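Trainee: Sequence first, then the predicted structure, then my questions.
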Amino acid sequence: MLRLVLLAMLLAPAASLSAQNRKAPARPNPIQREYQAAADRIIAAAMADSAAWNKLAELTDGFGHRISGSESLEQAIDWILARMKSEGLENVRGEPAMVPRWVRGHEQAELLEPRYVKLPMLGLGQSVGTRRGGIQAEVLVVSSFDELKARAADARGKIVLFDVPFTGYGQTVRYRGVGAVEAAKVGAVAMLLRSVGPFGMRTPHTGSMQPYDSTVARIPGAAITMEDAAMLHRMQQRGQKIVVRLEMEAQMLPDVPSRNVVAELAGREKPAEVVVFGGHIDSWDVGTGAMDDAGGVVIAWEAVRLLQKLGLRPRRTIRVVGWTNEENGGRGGQAYRDAHRSELAGHVAAIESDGGTFKFRGFGFTGSDSAYAVIRQISKLLGPLGGDSATVGGGGADIGPIMALGVPGLSHNVDGTRYFWFHHTDADNVDKIDPRELAENVAAMAIMAYVLADLPTPLPRK
């Protein structure tokens, strides 16, 4: 017994020190104390069923791709507006925007030498087509713009293939943007591109090219798979002659009318002050654009519906927008800016969801330091969803035009590990989206928008 008493006496100071060193739970910040109960209700309601996933599946299965200028886009917009009205959302409307119309047409690529292979390919948005009957030429493979310049004499009259490994979207996508122009400068007759993405199963990725340079010839541009680009590169390294035939009917047609999808939960005290959020309703003409970006539209749409269902009407208006023509023009974001320019002083914040629908990771923010401090407090409400911190730097292509006029901007961030596996491909379909992760994103967007719209004072701009 004496030994046990002595041992207890020896251990007691250590146990006391250990207890002192243990971190006390962080005290809730003022916003947490005010809004935690509402946040918990929102999370519970969002996670109760698969309503968001079912709505996304119905939209994408029912209408397929939604490229700007297409009948399928306008039919999808009609369906969304009718559905929003039937759900009782307020001030539902389509706001007009003129959009470009690029049509892919028939296209194919074939390796003719050193052996015959049909090459899966996708023409790049805004590309011109080939002449009737296609282009047949030798291929020069390069890994950078610098290598192309160094081999300019070898490129004349050839199809230039950029075999550029994916090191990040921002770094690699520039080859898609201006590759055709750079190839034309050295006399190439067409440009091929290793698809912009980190992973492939012989699936090509499309995407938009930047406008052609009027000082050089306009040559067609297309993406092939990363596997085939690597194979052609190996053939060149062995000294083999590579011949490809490329045929594309792509063409730009005159602009056509489209619409931004708009619906609201009107503010109870200050309806003229607005938190706007959403994604883009258009997509490329491959796959069904479930992640990019019907998911972003549905996340915001469901967030507003949930708030209305729960009776959580904030002081200010929450406006959900499905912007049109993000993929190949950005006309929807520009049209929103122009239509609401006189109201932008009352826009508290803009949030864009256009990074996929995987596991929620938090929000990025662009605005004043004082506003960022508020966003960080709100983010603490999101701990149960796995993303309770906010990072510096946020926004998006659709909200960019109003951010440039002073509106604080947020990006809705998710785990992007697999996003570029499916981005701009035939594989972007609803089966890649987990219903629970989608519901978590709905909850996160609903909480952020609701609190921003309900705070006693608006988010400071200075």
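Mentor: Happy to help now that I have it.

Trainee: Please enumerate the helices of this protein.
Mentor: 2-21, 30-46, 51-63, 71-86, 145-150, 152-155, 169-185, 226-237, 295-310, 331-339, 369-379, 400-403, 419-422, 435-454 (DSSP state H).

Trainee: low-confidence ranges in this structure?
Mentor: For the chain, the stretches flagged by pLDDT under 70 are 1-24.

Trainee: and the residue most central in space within it, how far is that from Ala390?
Mentor: Nearest residue to the geometric centre of the chain (C-alpha atoms, centre = their mean): Asp354, 2.6 Å. The gap separating Asp354 from Ala390 is 18 Å, by C-beta to C-beta, to the nearest Å. The C-beta positions use only the backbone N, C-alpha and C, and glycine is treated the same way.

Trainee: ditto for His340
Mentor: His340 is 25 Å from Ala390, by C-beta to C-beta.

Trainee: Have a look at those two and say which one is more surrounded.
Mentor: Ala390 (23 against 19; other C-beta atoms under 10 Å).

Trainee: Settle this for me: that one is touching Arg376, isn't it.
Mentor: Yes - at 5.1 Å, Ala390 counts as touching Arg376 under the criterion of C-beta atoms under 8 Å.

Trainee: if you skip the residues just before and after it, what's nearest to Met98?
Mentor: Distance criterion C-beta to C-beta, 6 or more residues apart in numbering; nearest residue to Met98, sequence neighbours excluded, is Asp255 at 4.7 Å.

Trainee: quick one, what contacts the one you found?
Mentor: Residues near Asp255 by C-beta atoms under 8 Å, 6 or more residues apart in numbering: Gly69, Met98, Val99, Pro100, Arg101.

Trainee: Closest one of those residues to Val304?
Mentor: Ranked by distance to Val304 (C-beta to C-beta), the contacts of Asp255 are led by Val99 at 24.7 Å.

Trainee: The closest one and Val256 touch, don't they?
Mentor: Yes - the pair Val99 / Val256 is scored as a contact, 6.3 Å apart, by C-beta under 8 Å.

Trainee: tell me, what's touching these two both at once?
Mentor: With C-beta under 8 Å, 6+ apart as the test, Val99 and Val256 both reach Gly69.

Trainee: The two: who's more crowded?
Mentor: Set Val99 next to Val256 and count neighbours by other C-beta under 10 Å: Val99 wins out with 25 against 14.

Trainee: Relative to Leu73, how far out is that one?
Mentor: Taking C-beta to C-beta, one finds Val99 at 9 Å from Leu73.

Trainee: any shared contact partners between the two?
Mentor: Any residue near both Val99 and Leu73 by C-beta under 8 Å, 6+ apart counts here, and that gives Ser258, Asp282, Thr324.

Trainee: ok, Ser50 - contacts?
Mentor: Pro435, Ala439.

Trainee: And the one 10 residues further on, by the same measure?
Mentor: The neighbourhood of Thr60, defined by C-beta under 8 Å, 6+ apart, consists of Thr288, Gly289, Ala290, Ala294, Asn429, Val430.

Trainee: Equivalent analysis for Ala190, please.
Mentor: Here Ala190 is in contact with Thr130, Ile135, Ala137, Ile159, Val160, Ala183, Ile219, Pro220, Gly221, Ala222, Leu246 (criterion: C-beta under 8 Å, 6+ apart).

Trainee: Can you name the residues bridging to it?
Mentor: Beta-bridge partners of Ala190, counted by DSSP bridges, are Ile159.

Trainee: any idea how far it lies from Arg268?
Mentor: As defined by C-beta to C-beta, Ala190 lies at a distance of 59 Å from Arg268.

Trainee: Any idea what Arg259 is bridged to?
Mentor: Note on Arg259: beta-bridge partners by DSSP bridges are Pro96.

Trainee: Go through stretch 355-375 and flag the buried ones.
Mentor: Across stretch 355-375, burial judged by 16 or more other C-beta atoms under 10 Å covers 355-367, 371-372, 374-375.

Trainee: quick one: which of the residues you listed sit in strands?
Mentor: Of those, the ones assigned to strands by DSSP state E are Phe360, Arg361, Gly362, Phe363, Gly364, Phe365, Thr366.

Trainee: Nearest residue to the third one in space, please, no chain neighbours.
Mentor: When you say that, I think you mean Gly362. Using C-beta to C-beta, 6+ apart and skipping residues adjacent in sequence, the residue nearest Gly362 is Gly387, 3.6 Å away.

Trainee: hang on, that neighbour packs against Lys380?
Mentor: No - with contact defined as C-beta under 8 Å, Gly387 does not count as touching Lys380 (10.5 Å).

Trainee: Please identify which of the two sits among more neighbours.
Mentor: Gly387 (21 against 18).

Trainee: which residues sit in contact with the more buried one?
Mentor: Here Gly387 is in contact with Phe360, Arg361, Gly362, Phe363, Ser379, Asn413, Ala444 (C-beta under 8 Å, 6+ apart).

Trainee: Just put those in a markdown table and tack on distance to Phe420.
Mentor: Compiled in a markdown table, the contacts of Gly387 are given as follows (distance: C-beta to C-beta, whole Å):
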| residue | distance to Phe420 |
| --- | --- |
| Phe360 | 18 |
| Arg361 | 16 |
| Gly362 | 19 |
| Phe363 | 21 |
| Ser379 | 26 |
| Asn413 | 15 |
| Ala444 | 22 |
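
Trainee: What's the local residue count around the closest residue to Ala51 other than its chain neighbours?
Mentor: Nearest residue to Ala51 in three dimensions, chain neighbours excluded: Glu302, at 6.6 Å (C-beta to C-beta, 6+ apart). Residues lying near Glu302 (other C-beta under 10 Å) number 26.

Trainee: how close does Glu302 get to Ala446?
Mentor: Distance from Glu302 to Ala446, by C-beta to C-beta: 8 Å.

Trainee: Give me the common contacts of the two.
Mentor: Ala46.

Trainee: Let me know whether Ser195 touches Met201 as I believe.
Mentor: No - using C-beta under 8 Å, Ser195 makes no contact with Met201, being 11.2 Å away.

Trainee: quick one, which of those two is more surrounded?
Mentor: Counted by other C-beta under 10 Å, Ser195 and Met201 do not tie: Ser195 has more neighbours, with 29 against 10.

Trainee: residues contacting that one?
Mentor: Thr203, Pro204, His205, Ala223, Ile224, Thr225, Met226, Ala229, Thr425.

Trainee: just curious, which of these is nearest to Ile402?
Mentor: His205 (29.2 Å).

Trainee: Quick check: closest non-adjacent residue to that closest one.
Mentor: Ser195 (3.9 Å).

Trainee: What distance do you get for Gly207 to Ala188?
Mentor: On the measure of C-beta to C-beta, Gly207 and Ala188 end up 20 Å apart.

Trainee: now do His280
Mentor: 33 Å.

Trainee: if you count what's nearby, which of these two comes out ahead?
Mentor: Using other C-beta under 10 Å as the criterion, His280 and Ala188 rank with His280 on top: 31 against 26.

Trainee: That one contacts Gly332, correct?
Mentor: Yes - using C-beta under 8 Å, His280 is in contact with Gly332, at 6.6 Å.

Trainee: what touches both of the two?
Mentor: With C-beta under 8 Å, 6+ apart as the test, His280 and Gly332 both reach Trp323, Thr324, Asn325, Glu326, Asp398.
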